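Undergrad: Build me a model:
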Amino acid sequence: MDTDGLHNDAEILRIVLLERDGIPIYTQLFKPRRPLTERIAHLTAISPEMLAQAPPLAEEWERVIQAFAGRYIPSFNLEFDQSRLSDNAEHDGLTPVAVIGDCLMLRAGTYYEAYSYPKLSDLCMRIGFPLPEHPRQDAYDRARGQIHLLEAMAQGITRVPAPTADTEDDSVDQEDEDPCAPLEG
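TA: Reported below is the predicted structural model:
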């Protein structure tokens, strides 16, 4: 989910739900009430032009409810996503969405022994699935990253060693990273 900020009244700009094989279940942009800031455009890869023809969230709300219905949703920050869905529904006088799922960010933090909330981009890099850099990184990239992260955790993968340049000098020892090392701060 992309929003126009992290504040309590942040508006939802985009929702992307994917099947575990990466096929989209639901993907939609929403026209916000406020103008899009340059910073949010940079972080979300959403431009004002992309939102020009997008419907307001309220017009799509029934389809949003249907997209979530009967699905177990692993979300990288489930509490934030649930709060934004709830707050946006309340603002527009809509029926709340029931989200059944779990927070992949908290589960990954425990799994990788992170000492603070892990960043999805750091975890994806760690498992060998780097996300595109901003401003090219969008919600679809992050959703696919979450799928890869969940698969890595299910397979017991804690770290994919970084590729090393092949050298002809075998006398140089290269230290391998500890695959079980906790994430750094």
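
Undergrad: Look at the residue sitting nearest the centre point of the chain and report its pLDDT.
TA: Per C-alpha atoms, centre = their mean, the C-alpha nearest to the average position across the chain is that of residue 142, at 4.0 Å. On the pLDDT scale, residue 142 is placed at 97.

Undergrad: Let me see the contact set for it.
TA: 16, 76, 120, 131 (C-beta atoms under 8 Å, 6 or more residues apart in numbering). Any C-beta I mention is one placed from the backbone N, CA and C, and that applies to glycine too.

Undergrad: Who wins on neighbours among those?
TA: Neighbour tally across these (other C-beta atoms under 10 Å): the maximum, 23 neighbours, falls on residue 76.

Undergrad: Throw the contacts of residue 142 into a markdown table and include pLDDT, thanks.
TA: Shown next, in a markdown table, are the contacts of residue 142 (pLDDT from 0 to 100):
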| residue | pLDDT |
| --- | --- |
| 16 | 98 |
| 76 | 97 |
| 120 | 97 |
| 131 | 98 |
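
Undergrad: Out of those, which is nearest to residue 51?
TA: residue 16 (15.1 Å; C-beta to C-beta).

Undergrad: Got phi/psi on the closest residue to that closest one other than its chain neighbours?
TA: Closest residue to residue 16 apart from its sequence neighbours, by C-beta to C-beta, 6 or more residues apart in numbering: residue 139 at 4.3 Å. Phi and psi for residue 139, reported as degrees, to the nearest 10, are phi -60, psi -30.

Undergrad: What's the local residue count around residue 139?
TA: 20.

Undergrad: does it really touch residue 44, like I thought?
TA: Yes. Using C-beta atoms under 8 Å, residue 139 is in contact with residue 44, at 7.1 Å.

Undergrad: okay, and the common contacts of the two?
TA: 2, 14.

Undergrad: so where's this protein shaky on pLDDT?
TA: 163-185 (pLDDT under 70).

Undergrad: Please repeat the previous calculation with a cut-off of 90.
TA: 7-9, 115, 117, 159-185 (pLDDT under 90).

Undergrad: Going along the chain, name the helices of it.
TA: Secondary structure of the chain by DSSP state H: the helices cover 38-44, 48-51, 57-68, 78-92, 104-111, 120-126, 139-154.

Undergrad: could the ones you listed go into a markdown table alongside distance to residue 20?
TA: Formatted as a markdown table, the helices of the chain follow (distance: least, C-beta to C-beta, whole Å):
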| stretch | distance to residue 20 |
| --- | --- |
| helix 38-44 | 24 |
| helix 48-51 | 27 |
| helix 57-68 | 15 |
| helix 78-92 | 17 |
| helix 104-111 | 13 |
| helix 120-126 | 16 |
| helix 139-154 | 6 |
